[in-house]
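S.K.: For reference, the sequence and a predicted model appear below.
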Amino acid sequence: MPLNFRSECQIHDSMGFSLYVITDRQQTDGRPLVEVVRLALQGGVQAVQLREKDLPDKELLELARSLRQVTTEFGAKLLINRRIDICQAVNADGVHLGAEGVSITEAKQLLSERQLIGYSAHSMEEACAAEADGAHFVTFGPVYATPSKTFYGKPVGTGRLKDVCRVLTIPVFALGGIKRNSISEVLSAGARGIALISAVIAAPDPTTEVQSLLHMIEEHAIHSGT
């Protein structure tokens, strides 16, 4: 079993993770997605969202099973984007929902109390509604410009991120165009952590990249006293 390089002093928020990695097999540069996720887990990632909306059901289920195996090996959480049936089939740790598809209320009726519900919010109204409906955490963005989130319009910026973090009591994870030089800025705005796709999935060395990102999150927490 490969070594898990997670720092003993890693700062975790109330969700048990501060770095949330979202998959995109199109950004792995030809590498198998499961192997890229394994490398990220070796670096210390403790939460992964399987988000491959275009995969046929059979392939998505097989991929979910593989990711459940590797995340379990590293003691990490696995959430499935929108698909409660896939989540239940592989005994994942929860689902991540959005404006389309199953509602938070419906998900709560189908999932166990131990399973998490994340929600992708793009406005204050969406974020507040998600909390009121029972989401355990939200991702909020896109904070900065990013090609994968152009559908949602202009970036929300750190000002609106700060407003949402001030109002919500559940954890908010900043999402969208976040790079190393912007981590401190989004955390200073009140985000409990960061959600990333390409910064980890497309990294030549996901293990080292995750270690660096977690170190920056830890350093911010130490210096800010959080």
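M.R.: Sure, I can see it. Numbering: from 1, shown residues only.

S.K.: rest of the way, CA atoms for contacts and neighbours
M.R.: Noted.

S.K.: Quick one: the helices in the chain, in order.
M.R.: 33-43, 57-73, 84-90, 104-110, 124-133, 157-167, 183-188, 198-201, 206-224 (DSSP state H).

S.K.: on contacts alone, who are the packing partners of the last one?
M.R.: Read it as helix 206-224. Counting contacts by 3 or more Cα pairs under 8 Å, 6 or more residues apart in numbering; DSSP states H and E, helix 206-224 is packed against helix 33-43, helix 183-188, helix 198-201.

S.K.: ditto for the first one
M.R.: Applying 3+ Cα pairs under 8 Å, 6+ apart, we find helix 33-43 packed against helix 57-73, helix 198-201, helix 206-224.

S.K.: one step back: Throw the helices of the chain into TSV and include mean pLDDT, thanks.
M.R.: Listed next are these as TSV, based on pLDDT from 0 to 100:
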stretch	mean pLDDT
helix 33-43	98
helix 57-73	98
helix 84-90	98
helix 104-110	97
helix 124-133	98
helix 157-167	98
helix 183-188	97
helix 198-201	96
helix 206-224	95
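
S.K.: any chance of the ones you listed in TSV, plus distance to residue 175?
M.R.: Below are those laid out as TSV (distance: least, Cα to Cα, whole Å):
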stretch	distance to residue 175
helix 33-43	18
helix 57-73	22
helix 84-90	23
helix 104-110	20
helix 124-133	13
helix 157-167	10
helix 183-188	9
helix 198-201	11
helix 206-224	14
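
S.K.: nearest to residue 144, of these?
M.R.: helix 157-167 (6.1 Å; Cα to Cα).

S.K.: if we can go back for a sec, point out the most buried one among the helices and strands packed on helix 33-43.
M.R.: Highest mean neighbour count among those (mean count of other Cα atoms under 10 Å): helix 198-201, with a mean of 23.

S.K.: Please verify my assumption that residue 27 contacts residue 200.
M.R.: No: the pair residue 27 / residue 200 is not scored as a contact, 9.5 Å apart, by Cα atoms under 8 Å.

S.K.: Quick one: neighbours of residue 30, just the number.
M.R.: For residue 30, the neighbour count with other Cα atoms under 10 Å is 9.
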